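Q: Model the following, please.
(one chain, ligands or ions: 1)
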Amino acid sequence: MIELRGIHHWYDSAGGRVHALRGVNLTVQPGEVFGIIGRSGAGKSSLVRTINLLNRPTEGTVTVAGQALTQLDAAALRAARREIGMIFQHFNLLSSRTVYDNVALPLELAGLSREAIRARVMPLLELVGLAGLAQRYPAQISGGQKQRVGIARALANQPKVLLSDEATSALDPETTRAILGLLREINRELGLTIVLITHQMQVIKQVAHRLAVMEAGEIVEQGDTLAVFSQPGHDVTRRLLDEVMPSELPPAVLARVRALIRADGAGTRLWRVSFAGESSDRPLIADLVRRFGLDLHIVHGQIDEVQGRPFGNLAVLARGAQESLQAAVRHLQGAGLRVQEVAHG
Ligand SMILES: Nc1ncnc2c1ncn2[C@@H]1O[C@H](COP(=O)(O)OP(=O)(O)OP(=O)(O)O)[C@@H](O)[C@H]1O
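A: Residues are numbered from 1 along each chain as shown. Got it, this is the predicted structure:
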């Protein structure tokens, strides 16, 4: 649905040239929710705005729904952009227009009749749960409701792609969850492809099927959300993931564990066992006790889920004979879990 190839972007500013995008290649499949995450200044806004050429790349090609946007003239580009809706952090509503008229605006610009506009706007307001507020002005509704208007307006021209530029960053956690739920519903029911940028892993966790991690103008990691969450391959990803699941043991737990290991001496290990998806359905800890005669003590653990698929990690203190400990690690790895030795006696 979306293909970015060899994208470079330089901004000319008073302080000199800024190389904001450095050779980005990205493919987004039809019907998926694709999340782009990174810290402030990583290049997320520049990248998402490249998809509809709000930001024309200095180098590279942009193809959306089979059309090479970078090769279109101005009129053809205007038409192609109707296939791409966009929502923004600060909603960008016109304060002088009612909710209804904000959603109607892109249809007026496209030249539809009053009746055709009404037939399009009312179902959209129903879809986003605002049918009762059609005649209110933006100043008379909440932030979450404003973003619902933004979503309805973005869908007015029946786009194939919806771009979201930090659409929930100005909202509280509960409203964020509701708006993300609405985006998932739209993705499922309308089959709309969604690309969203965010600096919060919570947002990715709730809605993105796949994600790309950006740092200094480049994509440093990408993949299926559960796979990246359970086995992050880049330091930037690990740091961002700390927000949903800290990778380090709390200092008090670690101190207690180290004291236990010192007291026990050789033959005691502290493992970090990470699991994701199906591997969490098997009674593996019970297996270790039964099969390898280990003495196990779970000292810390965290379980979360990515859209209904569990992932997490356990800090396990394991005591037993050297060969049994090694065989147990192989057994866990064979079952698809990751085992790291954090400390040993
Ligand atoms: N109009 C501009 N002129 C000059 N430099 C710019 C401009 N817009 C962005 N930049 C620079 O380009 C780089 C990428 O910025 P961008 O806004 O794309 O990052 P971001 O990941 O979206 O950050 P944030 O989350 O803070 O918005 C930064 O170094 C930024 O300072």
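
Q: May I have the phi/psi pair for residue 89?
A: Residue 89 adopts backbone torsions of phi -60, psi -40, taken as degrees, to the nearest 10.

Q: Hmm, residue 176 and it touching each other?
A: No - between residue 89 and residue 176 there is no contact under C-beta atoms under 8 Å: 11.8 Å. Placement of C-beta: from N, CA and C, glycine included.

Q: With neighbour numbers in mind, choose between those two.
A: For residue 89 versus residue 176, neighbours defined as other C-beta atoms under 10 Å are more numerous around residue 176 (21 against 17).

Q: Check which helices and strands the helix or strand harbouring the more buried one is in contact with.
A: Element membership for residue 176, per DSSP states H and E: helix 173-190. Here helix 173-190 touches strand 33-38, helix 143-155, strand 161-165, strand 193-198, helix 201-207, going by 3 or more C-beta pairs under 8 Å, 6 or more residues apart in numbering; DSSP states H and E.

Q: which one of the ones you listed lies closest to residue 25?
A: strand 33-38 (13.1 Å; C-beta to C-beta).

Q: ok, and what's touching the closest one?
A: 28, 44, 47-48, 183-184, 187, 193-201, 203-204, 207-215, 225, 236, 240 (C-beta atoms under 8 Å, 6 or more residues apart in numbering).

Q: who are the neighbours in contact with the residue lying closest to residue 133 once chain neighbours are set aside?
A: If the residues on either side of it in the chain are set aside, residue 133 comes closest to residue 99, at 5.4 Å by C-beta to C-beta, 6 or more residues apart in numbering. Residues near residue 99 by C-beta under 8 Å, 6+ apart: 125, 130, 133-138, 141, 149.

Q: Which residue ranges of the protein form helices?
A: In the chain, the segments counted as helices under DSSP state H are 44-51, 74-81, 99-109, 114-127, 143-155, 173-190, 201-207, 225-230, 235-241, 251-264, 284-292, 322-334.

Q: so can I have TSV of the ones you listed showing mean pLDDT?
A: Shown next, in TSV, are those (pLDDT from 0 to 100):
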stretch	mean pLDDT
helix 44-51	96
helix 74-81	91
helix 99-109	96
helix 114-127	95
helix 143-155	96
helix 173-190	94
helix 201-207	93
helix 225-230	90
helix 235-241	92
helix 251-264	84
helix 284-292	83
helix 322-334	89
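
Q: Perfect, that will be all.
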